[in-house]
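K.L.:
Any chance you can model this:
(2 chains)
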There are 2 protein chains.
Amino acid sequence: MAMALVRTPPSATHEQPARRLARLEQPLVLYRGGVIEQAVVAYECWGQLNAARDNAVLVFTGLSPSAHAASSAEDPRPGWWETMIGAGRPIDTSRFFVVCVNSLGSPYGSSSPASLDPRTGRRYGIHFPEVAVEDIARAGREALRTLGIERVAAVVGPSLGGMVVLAYCAQFPGEVENLVTISGAARATPFAIALRSLQREMVRSDPAWRGGNYEPGRGPRLGLRLARKLGTITYRSAEEWQERFGRQRGAETAGMPGDFRPQFEVEAYLEHQALRFADTFDANCYLYLSRAMDQFDLADHGGGSLAAAFDRLGVQRSLVLGVETDLLFPVGQQREIADHLRAAGGSVDYHAFPSLQGHDAFLTDLARFEPAIGGFLKRIGR
Amino acid sequence: MAMALVRTPPSATHEQPARRLARLEQPLVLYRGGVIEQAVVAYECWGQLNAARDNAVLVFTGLSPSAHAASSAEDPRPGWWETMIGAGRPIDTSRFFVVCVNSLGSPYGSSSPASLDPRTGRRYGIHFPEVAVEDIARAGREALRTLGIERVAAVVGPSLGGMVVLAYCAQFPGEVENLVTISGAARATPFAIALRSLQREMVRSDPAWRGGNYEPGRGPRLGLRLARKLGTITYRSAEEWQERFGRQRGAETAGMPGDFRPQFEVEAYLEHQALRFADTFDANCYLYLSRAMDQFDLADHGGGSLAAAFDRLGVQRSLVLGVETDLLFPVGQQREIADHLRAAGGSVDYHAFPSLQGHDAFLTDLARFEPAIGGFLKRIGR
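P.N.:
Numbering: from 1, shown residues only, chains lettered A, B, ... in the order given. Now for the predicted structure:
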């Protein structure tokens, strides 16, 4: 398998013709005490808001994607969940008004370390206030309110998005009747913290990071590349790679002693994924969002008790999906979420899929995820 | 849990009063074509060689330890397998002459990138020839021959050592009657290759590596630290850390935005492990041994067939041990080794332990490993 290691032109990825910006009128007061003036929340949407304004499905994303979850007339490029969202698709735009929110702190349009501080006209960089998972949830809700939406039909979130939807319900109890959490977590495990801490250290150790004070386009590309390689390793599974790459070798290196360049196909794959990320993502945004995931603990909303926190969410119906090969958000954490939601009195559908693709299975093993999500959403209001 | 992040003084770790050096008379011809002149193999030994010279148990190590597997009168410091080796212990020195070999390519006394090239009087560095797992096995055998030992009672190896013992039998078929392989592999998986490739890239990306041409003591300490953190993550298990650290926080950082210093106990633990390694291990040695593990494929000794390679080993009795939580050398690989050894006609004891400590369990879960190894060795020659 040959792979061209071509950089994605930044201009191509930064054009987001379908992106809309919700400009918040009030300062956004953050969970850990900071304030963002003139905060902006980027989103894309599909389908029509009904007259009762009660058919919105709110989608939160993982760490790295933008709000471009699906194509549209304005932006025909396939989105990161292209076959999940559309007319007649699992998240059915002939019925729902679907809003995908770009996370606060992400570089794709929402207020973040990469955006301009309106008070100074300069990029926030490392002076951006600390972002919590709770703030990503709140920012998404504020975006909906600019559209006159007070209640949502469902909130949906994979990975980091799965943490966000729990934080949403915890902060606005009773507002969410239908919840879909996919390979998420009620709190970060020490194993996941260890991995993310090391990824952040790789970024911070790159001299080009300059304590967070790099110029746009001149950030710690090496650090981001290394961090993304580790991410890619944890997003997939050993089983998938055994099937996909085995011990296949790519272009042989000269074989001289001291030559440690990549030799196996799996190494070329990692390099390809890493370059794509390093060319498009902002390093400080990465650090902020990564740290937010470590800090998140739903038990903080229950006086230290996870059970108490779940008791307060007020969710009536939940779909909890996980993957048996997931290293980073292991299936035991999904079972824990399902058990707590059930104990809190809600109706819960729980599936642990045997997909080989690990944490990323919600992006690739659509034969399993689409029917589960489509079936759950079909039953809303019926 | 507070942990002092004190550097181990290099002098303390480099003093090896019990270490012996086997100086090979013939040039050591390596598996991938290189030659080492005046090669040296470091080892330590315990117990007495019997008159028949047939009671030797040869122990190979993992990637990082020295030959100091156990204490002795000459060096009373506890070794890395202290309670495994000794009079009345599982590897019983009242019966066996136990030899632990420092791997060729490791910085603890055997010929390696960190040792002096007798032709130039300078350190080999990156000019050391490529080391294969097969060479580590051959060097161990050559060390025994300098002691007049032609056959061994058993070879024992955990981790990298588990690869080495297979390479030993493959190169010298029929010489090993009793084999103990612990959390080893018949060949590296693409998942393990991906992790080690990333670790090597962290080392090579550190400007202090200087293409391998750093001065002693001025090597890529940052790169080694990062690589060892990733190693530590893969040597243990998510389950162990959940029990051991949970979400405990250490010294709180100031909590300023943009402050990404460690905060959780698990991060302090990683830092402690990483510093200890970066202060004692040579970076080029690390790269050579890491690469050797990726390259190893026992099937190379069977014309591409793993079954054919195992058929030729001529091992009569084997003990194969693995750990269910091992991420890096997963239990499926241990089962594969056991199945092949059995298919080749040998008697095989296989245990998959439910230890929580992952790949490192052979160092820590001694309540399981000691009886298994002791019981197997007791039955030799009886």
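
K.L.:
Can you give the contact residues for the one helix or strand A:Ala372 maps to?
P.N.:
Using DSSP states H and E, A:Ala372 maps to helix A:366-378. Here helix A:366-378 makes contact (C-beta atoms under 8 Å, 6 or more residues apart in numbering or on different chains) with A:57, A:83-84, A:89-92, A:96, A:154, A:156, A:178, A:180, A:182, A:317, A:319, A:321, A:349, A:351, A:353, A:355, A:361-362. Where C-beta positions appear, they are placed from N, C-alpha and C, glycine not excepted.

K.L.:
Check which residues of the strand or helix carrying A:Val348 are buried.
P.N.:
Assigned by DSSP H and E, A:Val348 belongs to strand A:347-353. Neighbour counts over strand A:347-353 (16 or more other C-beta atoms under 10 Å in any protein chain shown) mark A:Val348, A:Tyr350, A:His351, A:Ala352, A:Phe353 as buried.

K.L.:
Given it, what are its sheet partners and their directions?
P.N.:
strand A:317-323 (parallel) (DSSP bridges).

K.L.:
The partner strand - what's its average pLDDT?
P.N.:
The pLDDT scores in strand A:317-323 average 98.

K.L.:
again, but for stretch A:206-221
P.N.:
95.

K.L.:
next one: stretch A:294-307
P.N.:
Mean per-residue pLDDT for stretch A:294-307: 98.

K.L.:
Then stretch A:37-57?
P.N.:
The model assigns stretch A:37-57 a mean pLDDT of 97.

K.L.:
got the buried residues for that stretch?
P.N.:
A:39-47, A:49, A:55-57.

K.L.:
Just give me the closest of those to chain B.
P.N.:
Closest to chain B out of these is A:Ala39 (15.1 Å), distances taken as C-beta to the nearest C-beta.

K.L.:
Enumerate every residue touching the closest one.
P.N.:
A:Arg23, A:Leu24, A:Pro27, A:Leu28, A:Leu104, A:Ser110, A:Ser111, A:Ala139, A:Glu142.

K.L.:
switch the cut-off to 7 Å
P.N.:
A:Leu24, A:Leu28, A:Ser111, A:Ala139 (C-beta atoms under 7 Å, 6 or more residues apart in numbering or on different chains).

K.L.:
for A:Val156, same thing?
P.N.:
A:Val57, A:Val59, A:Ile91, A:Val165, A:Val180.

K.L.:
Next one: it from A:Ile380, what distance?
P.N.:
Per C-beta to C-beta, to the nearest Å, A:Val156 is found 12 Å from A:Ile380.

K.L.:
quick one: low-confidence ranges for chain A?
P.N.:
A:1-14, A:251-257 (pLDDT under 70).

K.L.:
What are the boundaries of the helices in it?
P.N.:
A:10-14, A:133-146, A:160-171, A:190-205, A:221-235, A:238-244, A:265-278, A:283-295, A:306-311, A:331-343, A:361-364, A:366-378 (DSSP state H).

K.L.:
Which one, of these, ends up nearest to B:Asp294?
P.N.:
helix A:265-278 (9.0 Å; C-beta to C-beta).

K.L.:
That closest one vs helix B:190-205, what angle?
P.N.:
Taking axes from the mean of the first three to the mean of the last three C-alpha atoms, to 10 degrees, helix A:265-278 and helix B:190-205 form an angle of 60 degrees between their directions.

K.L.:
thinking again about what came up before, show me which of the buried residues of strand A:347-353 is closest to A:His340.
P.N.:
Distances from A:His340 to the buried residues of strand A:347-353, taken by C-beta to C-beta, are shortest for A:Val348, at 9.2 Å.

K.L.:
residues from the stretch 251-382 of chain A in reach of chain B?
P.N.:
A:Pro257, A:Gly258, A:Phe260, A:Pro262, A:Phe264, A:Val266, A:Glu267, A:Leu270, A:Leu287, A:Arg291, A:Asp297, A:Pro330 (C-beta under 7 Å from any C-beta of the partner chain).

K.L.:
if you set the cut-off to 6 Å instead, what comes out?
P.N.:
Proximity of the stretch 251-382 of chain A to chain B is confined to A:Pro257, A:Gly258, A:Phe260, A:Phe264, A:Val266, A:Glu267, A:Leu270, A:Leu287 under the rule C-beta under 6 Å from any C-beta of the partner chain.

K.L.:
Which of those ranks first by neighbour count?
P.N.:
Neighbour counts for those peak at A:Val266, which has 29 neighbours (criterion: other C-beta atoms under 10 Å in any protein chain shown).
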